[in-house]
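K.L.:
One predicted model, sequence on top.
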Amino acid sequence: MRFAIMGSGGVGGYFGARLAEAGHEVTFIARGEHLAAMRREGLRVSSTEGDLHLSRVSATDDPREVGAVDAVIVAVKAWQVMEAAEAIRPLLGPETLVVPLANGVEAADTLAEALGERHVLEGLCGILAWKAAPGHIKHAGVSPFVRFGERDNHKSQRCERLKAAFDAAQGVTAEIPDDIQAAVWSKFLFICAMSGIGSITRAPIGVTRRLPETRVMIQQVLAEIAAVARARGVALPADAEARALGFVDALPEASTASMQRDIMAGRPSELHSQNGAVVRLGREAGVATPVNALIHSALLPQEREARGEE
């Protein structure tokens with residue numbers, strides 16, 4: 001298959017590299033020093049699943065140079081999805097799939113509104129990875145997985161074809177869940193809780209899950225997200241909160257979420273798409289979300305400064 005990777009950092013860089021290693025035609029959409037390094041030296045992945053060096057890669061900052069592809073993997077930050085949607089247009093052919101792997105629960109809605117429902121799948125991923133240096137992706141934890149499906153959960157040949165492409169890749173597990181919306185919200189449970197508690201405390205997950213006071217906050221965040229999801233008609237499993245907490249407990253002690261790393265570095269973050277989204281969607285559904293509201297409000301001044309809004 002022909003893939004375009006929109007956003008070639010930790011997530012896009014890792015999964016794109018694995019697809020290229022498996023023999024698929026992959027073009028990385030990147031910019032700046034990362035793009036220059038990939039053009040010069042290829043792409044290197046250091047991974048607990050096995051290291052990889054692609055000595056030559058196709059990379060560009062202009063999607064118009066690529067043309068129509070079979071699938072676009074959208075791996076930008078959640079707050080960049082709308083901008084990415086506009087950039088994706090030259091990559092679309094009549095049958096092109098667009099698969100968001102961004103954090104949050106609204107990326108597919110944003111893409112479908114901009115590009116049309118027929119192109120867009122719902123999707124998510126699990127991985128602990130980041131851009132360690134230009135041209136170098138570091139994967140340090142979580143066995144990488146992707147999950148995707150039609151937004152109405154009907155079975156389709158195009159999803160099966162995409163799954164077969166990922167199945168051929170080393171270091172990736174692919175799945176088509178029976179209920180993709182439940183899967184997206186289940187992932188959102190743990191990543192939002194991890195992001196929020198890490199961002200407000202500036203501590204790694206090993207500390208916040210062990211300290212009784214912050215562990216209670218994690219549990220409260222999980223309970224609020226689950227209540228919002230169920231109020232919106234998402235069929236979360238009865239044990240969704242317990243499973244999310246179990247996933248948090250299984251992470252390496254030094255783990256931090258990308259939102260936390262961005263906030264600690266003074267960069268724009270996914271605050272509005274994570275804890276902020278819980279507050280907004282909760283308000284729409286009539287569900288109180290006081291702990292998420294506290295986290296969002298406490299981090300908002302810094303977020304506005306990082307975005308140049310003050």
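P.N.:
Now that the structure is in, tell me what you want to look at.
K.L.:
Walk me through the domains of the protein.
P.N.:
Here the domain assignment for the chain is 2-178, 181-306, based on automatic domain parsing.
K.L.:
any chance of those domains in JSON lines, plus mean pLDDT and mean neighbour count?
P.N.:
Where you see a C-beta, it was placed from the backbone N, CA and C, and this is true even at glycine. Shown next, in JSON lines, are the domains of the chain (pLDDT from 0 to 100; neighbours: other C-beta atoms under 10 Å):
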{"stretch": "domain 2-178", "mean pLDDT": "96", "mean neighbour count": "19"}
{"stretch": "domain 181-306", "mean pLDDT": "96", "mean neighbour count": "19"}
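K.L.:
Nearest spatial neighbour of residue 204, chain-adjacent residues omitted?
P.N.:
Leaving aside its chain neighbours, residue 204 sits nearest to residue 254 (4.9 Å; criterion: C-beta to C-beta, 6 or more residues apart in numbering).
K.L.:
pretty sure that neighbour belongs to a strand, no?
P.N.:
No: using DSSP: H, G, I helix; E, B strand; the rest coil, the assignment for residue 254 is coil, not a strand.
K.L.:
Distance of it relative to residue 131?
P.N.:
Residue 254 sits 18 Å away from residue 131, going by C-beta to C-beta, to the nearest Å.
K.L.:
what does residue 186 give?
P.N.:
From residue 186 to residue 131 the distance is 27 Å (C-beta to C-beta).
K.L.:
repeat for residue 119
P.N.:
Distance of residue 119 to residue 131, given as C-beta to C-beta: 27 Å.
K.L.:
For the nearest residue to residue 252 once chain neighbours are set aside, which three-state class applies?
P.N.:
Nearest non-adjacent residue to residue 252, counting by C-beta to C-beta, 6+ apart: residue 141, 4.7 Å away. What three-state DSSP gives for residue 141 is strand.
K.L.:
What's opposite residue 141 in the beta bridge?
P.N.:
As for beta bridges, residue 141 partners with residue 128 under DSSP bridges.
K.L.:
That one contacts residue 204, doesn't it?
P.N.:
No: applying C-beta atoms under 8 Å, one finds residue 141 not in contact with residue 204, separated by 11.6 Å.
K.L.:
Find residues that contact each of those two.
P.N.:
Listed as contacting both residue 141 and residue 204 by C-beta atoms under 8 Å, 6 or more residues apart in numbering are residue 255.
K.L.:
what are the phi and psi values for the closest residue in space to residue 50 that isn't next to it in sequence?
P.N.:
Nearest non-adjacent residue to residue 50, counting by C-beta to C-beta, 6+ apart: residue 171, 6.1 Å away. Backbone torsions for residue 171, taken as degrees, to the nearest 10, come to phi 70, psi 20.
K.L.:
right, and residue 171 touches residue 49 too?
P.N.:
Yes: using C-beta under 8 Å, residue 171 is in contact with residue 49, at 3.4 Å.
K.L.:
between the two, what contacts are shared?
P.N.:
residue 144.
K.L.:
Check what pLDDT residue 310 gets.
P.N.:
The predicted structure scores residue 310 at 66 on the pLDDT scale.
K.L.:
So the residue nearest to residue 204 versus residue 108, what's the distance?
P.N.:
With C-beta to C-beta as the criterion, residue 254 and residue 108 are 31 Å apart.
K.L.:
And residue 88, by the same measure?
P.N.:
Taking C-beta to C-beta, one finds residue 88 at 13 Å from residue 108.
K.L.:
what do you get for residue 21?
P.N.:
Distance from residue 21 to residue 108, counting by C-beta to C-beta: 27 Å.
K.L.:
try residue 136
P.N.:
30 Å.
K.L.:
now the strands for this structure?
P.N.:
Counting by DSSP state E, the chain has strands at residues 2-6, 25-29, 43-47, 52-54, 58-60, 71-74, 97-100, 122-133, 136-149, 173-175.
K.L.:
need those in CSV with distance to residue 213, can you?
P.N.:
Shown next, in CSV, are those (distance: least, C-beta to C-beta, whole Å):
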stretch, distance to residue 213
strand 2-6, 40
strand 25-29, 43
strand 43-47, 35
strand 52-54, 41
strand 58-60, 46
strand 71-74, 37
strand 97-100, 35
strand 122-133, 25
strand 136-149, 25
strand 173-175, 35
